[in-house]
Each structure stands twice: as structure tokens, then as C-alpha cells.
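Trainee: My questions concern the predicted model and sequence given below.
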Amino acid sequence: MRQDMYFSADVEADGPIPGPFSMVSVGLAVAGTRAHAFSRADPTAATFYRELKPVSDDFVPEAMAVSGLDRAALVRDGADPATAMRELTDWVKETAAGAKPIFVAYPASFDWMFVYWYLIRFTGGSVFGHSGCLDVKTAYAVRADVPFSRAVKGQMPRHLLSRRPHTHNALDDAIEQADLFANVMEWRPEAAGRP
């Protein structure tokens, strides 16, 4: 049986949607694999990070400020998006080594939208396919048997959260999120009682 390899992903963007606005950085970290059972990985062992040149002149200053990146420096020195997306694709393929790559994020809807758009726009395809995306928030809601509206970090059991800081650096946050994902995947709420 072909195993899944889970790539925890985080992006920083300068606006709400790709195209009119830009993904300014992307980070990925391997969170684990699964064939029959989930196997946690050290999320610092296999990582990818790029800061990208913007694809448009439009940006939301408040969104740009979240990343802490300098837009002028990105315009001047950021990676070409086409090159960065080819490098991301090659890295995922090489790292997966035959496993099925699965994109995971919290929430996946935002990060997936940017990464998928960039992959299609700049490489013509997605290394994750068109639906190889798993939302950590949804995974928690299902595992915890709670309404989706309660699947927020502030209401999760503390032992599921990462001890790493949330810095808004895309790689730091992908690594932090990999911890959360692995904790949710290994969690047996039925054994300890529901939250």
C-alpha cells in the first residue's frame, strides 16, 4: 500500500487572495507518514522555505505587516515565483520518494488557495494533485467530535498544541503546525474522554 506523506504548509501573503495579491513566503515541513498507522516525523528534519517576489503591485499594508517581511526587499531580492514553485515541486517529489504527498494546514483553505494557485500558474500542475489537501481544523473537529466552530486552538486540549512559538515566519509556523497535526493524528480522545 502506498503511504501518504504529510507536508505541513504555511504561507504569508500581502492580501486575501492570490493573483491580485501575492504569496510573500512559503514554508513546508514533513509532519509524518501513514500507510496503516500514522508515524510522526521530526518536523525540523525536512523543510522548505522561500521568500517570493510579488506578482502584482497591489498589497494590503496590514496583511504585509503580519509577515514582518520588507516588501521593497522582496521586490528586489525575492525568489522568482516560477523558480520557487519548480523548486517546491522538486523538493516535495524528492522528499516523498514515492509516497503520496498530502498538503496539511491550519486552516487549509487560506494556505492551499495560495499554494495551489501558484503551482498551477507557474508550473502548470500541482504536486499535491487537485485535492491532496487536509485541513487540521477539520481533522480536530472530527477527532474531538465537536462542532467546527469549536475547532479553534483556544478550545483545544493544551497537550495537542505545539510548544513552539507562532512567529508568522512561514517555516516556523509550518513546523509548529506539524506538531499540532501529529498530536491530533496520534490523539485517542476515546481513551481519555472527550474534551
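Mentor: Good, I have the coordinates.
Trainee: Tyr6 - how many residues pack around it?
Mentor: 28 (other Cβ atoms under 10 Å). (Glycine included, C-beta is placed from N, CA and C.)
Trainee: Pretty sure it sits in a helix.
Mentor: No - judged by DSSP: H, G, I helix; E, B strand; the rest coil, Tyr6 forms no part of a helix; its state is strand.
Trainee: Dig out what it forms beta bridges with.
Mentor: Gly32, Ile102 (DSSP bridges).
Trainee: show me the contacts for it.
Mentor: 30-34, 102, 104, 134, 178, 181 (Cβ atoms under 8 Å, 6 or more residues apart in numbering).
Trainee: Which one of these is nearest to Pro165?
Mentor: Distance to Pro165, by Cβ to Cβ, is smallest for Ala178 among these, at 14.0 Å.
Trainee: and the closest one, what element?
Mentor: Counting by DSSP states H and E, the element that carries Ala178 is helix 170-186.
Trainee: picking up where we left off before, could I get the contacts of Tyr6 as a markdown table with distance to Thr83 and pLDDT?
Mentor: What follows is the contacts of Tyr6, written out as a markdown table (distance: Cβ to Cβ, whole Å; pLDDT from 0 to 100):
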| residue | distance to Thr83 | pLDDT |
| --- | --- | --- |
| Val30 | 22 | 98 |
| Ala31 | 26 | 98 |
| Gly32 | 29 | 98 |
| Thr33 | 28 | 97 |
| Arg34 | 31 | 96 |
| Ile102 | 24 | 98 |
| Val104 | 25 | 98 |
| Leu134 | 27 | 97 |
| Ala178 | 25 | 98 |
| Phe181 | 28 | 98 |
